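1. the following comprises the amino acid sequence and a computationally predicted model.
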Amino acid sequence: MNIKDNSVGSKIFDVINVIVLVIIGLLCLLPLWYVLCVSLSSKDAVNAGLVSFWPVGFNVDSYKKIVGEGAFFQAFWNSICRVVLGTLVSLGCILMAAYPLSRTKAQFPKRNMFMWLLIFCMLFNGGTVPWYLTMRNYKLIDNIWGLVLAGGLPVYNVILAMNFFKNLPSELEEAALVDGAGPWRIWASIYIPLAKPSIATITLFTIVGYWNEFFQGLVLSTKEASYPLQTYIQQMVVTLDYSTMNAEQIAAASKLNNQSLDAAKIFIAMVPVLIVYPFLQKYFVKGITLGSVKG
């Protein structure tokens with residue numbers, strides 16, 4: 001039975017708690033709201049610094065500029081393919097790496113060696129040039145698999161999954177071994193189903209990571225048609241070449257500036273993640289270290 005504290009001190013604490021949380025929420029939301037207002041404001045208002053908490057000279061010219069380009073849809077499709085393939089590949093690598101690393105040294109004698117190797121790779125790398133040469137030698141330039149495999153094993157996510165597997169009761173594995181199950185059967189039939197909260201969390205991290213990453217697309221893509229969306233919009237600036245424009249195009253381009261265009265880029269990049277997050281949010285409530293056996 002829940003006992004509610006109705007004392008004056010408790011009520012004061014609840015009020016202060018709500019006020020603090022509202023302030024924190026506003027501090028998080030107001031910068032995003034300001035960026036949205038900038039993206040919907042006129043060029044003159046943005047340049048004059050007149051935009052504050054409401055769009056001035058409301059227009060959607062920046063969004064029309066981004067979405068109206070034919071290359072936008074190709075870049076969007078490249079990002080969708082990258083996220084779907086990358087999430088599947090990355091999750092497979094993460095879960096298969098995390099399970100043996102979560103075992104004891106007696107069960108997996110080389111565990112510490114592999115763990116230190118992963119930690120070293122997480123902290124240090126060989127640099128951009130050796131990485132690029134490696135990708136080129138494997139013929140992964142202007143190839144969707146280059147964008148997928150370049151970030152296929154995020155070590156931080158491996159550690160998250162490994163810690164979750166460690167917290168599962170060892171009795172589950174012992175019972176499965178007695179029944180004759182091997183490592184693959186234990187991993188697929190016991191650990192993966194119990195790891196749904198962890199998998200959901202890692203999936204969201206992976207989706208966001210692939211979706212927001214632009215540098216790899218910049219290095220591994222030599223053609224605009226190979227760009228993922230983030231690389232495409234990062235490279236996109238307001239350029240005015242009046243010699244190739246007609247009067248209507250000149251009038252439309254004169255309404256744009258890079259500041260409002262950048263603000264529109266931020267919101268276009270945010271939309272897919274905002275759509276996916278509500279479906280995975282409940283797993284964050286349960287927590288990434290949720291146990292599987294209840295007394």
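-> Right, received. Where do you want to start? Numbering: from 1, shown residues only.
2. okay, which residue is most central for this protein?
-> Nearest to the mean C-alpha position of the chain, counting by CA atoms, centre = their mean, stands residue 208 at 1.1 Å.
3. give me the number of residues near residue 37?
-> Using other CB atoms under 10 Å, residue 37 is surrounded by 20 other residues. From N, CA and C alone the C-beta is placed, and that goes for glycine too.
4. hang on, it packs against residue 55?
-> Yes. Here residue 37 reaches residue 55: they are 4.8 Å apart, a contact under CB atoms under 8 Å.
5. tell me which element residue 262 is part of?
-> Following DSSP states H and E, one finds residue 262 within helix 258-286.
6. what residues sit buried inside that helix?
-> Under the neighbour-count criterion of 16 or more other CB atoms under 10 Å, helix 258-286 has 259-265, 267-269, 272, 276, 283 buried.
7. same question for it, mean pLDDT?
-> Across helix 258-286, pLDDT averages out at 75.
8. and stretch 162-181, by the same measure?
-> For stretch 162-181, the mean pLDDT works out to 86.
9. dump the residue contacts of the residue nearest to the centre of the chain.
-> residue 273 (CB atoms under 8 Å, 6 or more residues apart in numbering).
10. now it: which helix or strand?
-> helix 196-212.
11. how far does that helix sit from its chain's centre?
-> The chain centre lies 7 Å from the centre of helix 196-212; the measure is CA atoms, centre = their mean, to the nearest Å.
12. what of stretch 54-65?
-> Distance of stretch 54-65 from the chain centroid (CA atoms, centre = their mean) equals 27 Å.
13. only the buried residues of it, if you could.
-> Using 16+ other CB under 10 Å as the test for burial, stretch 54-65 gives 55, 56, 59, 61, 62, 63, 65.
14. could you tell me the end-to-end distance of it?
-> Here the two ends of stretch 54-65 are set 21 Å apart, with distance taken as CA to CA, to the nearest Å.
15. by mean pLDDT, flag the weakest helix or strand of this structure.
-> Lowest on mean pLDDT, DSSP states H and E among the helices and strands of the chain sits helix 247-253, with a mean of 60.
16. okay but residue 52 is in contact with residue 33, surely?
-> No. Look at residue 52 against residue 33 with CB under 8 Å: they stay out of range, at 10.1 Å.
17. any residues touching stretch 91-108, and which ones?
-> Where contact means CB under 8 Å, 6+ apart, the residues beyond stretch 91-108 that reach it are 111-112, 114-115, 118, 152-154, 157-159, 161-166, 183, 187, 191-192, 195, 199, 202-203, 206.
18. and these, which of them are buried?
-> Buried by 16+ other CB under 10 Å: 111, 115, 118, 152-154, 157-159, 161-162, 164-165, 183, 187, 191, 195, 199, 202-203, 206, out of the contacts of stretch 91-108.
19. list the contacts of residue 141.
-> By CB under 8 Å, 6+ apart, the contact list for residue 141 reads 135, 220, 221, 222.
20. what about it, distance to residue 59?
-> Look at residue 141 and residue 59: by CB to CB, to the nearest Å, they are 39 Å apart.
21. go on, residue 103?
-> For residue 103, the distance to residue 59 equals 59 Å [CB to CB].
22. point out the other helices and strands that the helix or strand hosting residue 19 packs with.
-> Assigned by DSSP H and E, residue 19 belongs to helix 8-39. Identification of packing neighbours for helix 8-39 by 3 or more CB pairs under 8 Å, 6 or more residues apart in numbering; DSSP states H and E yields helix 258-286.
23. repeat the analysis, applying 10 Å as the threshold.
-> Under the contact definition 3 or more CB pairs under 10 Å, 6 or more residues apart in numbering; DSSP states H and E, helix 8-39 sits against helix 43-48, helix 61-68, helix 258-286.
24. format those as CSV; extra columns: distance to residue 74.
-> Output for the helices and strands packed on helix 8-39, formatted as CSV (distance: least, CB to CB, whole Å):
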stretch, distance to residue 74
helix 43-48, 28
helix 61-68, 13
helix 258-286, 15
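25. for the nearest residue to residue 35 once chain neighbours are set aside, give me its contacts.
-> Spatially, and ignoring its direct neighbours in sequence, residue 35 is nearest to residue 263 (4.6 Å; CB to CB, 6 or more residues apart in numbering). Applying CB atoms under 10 Å, 6 or more residues apart in numbering to residue 263 gives the contacts 32, 34, 35, 36, 37, 38, 39, 40, 41, 46, 51, 62.
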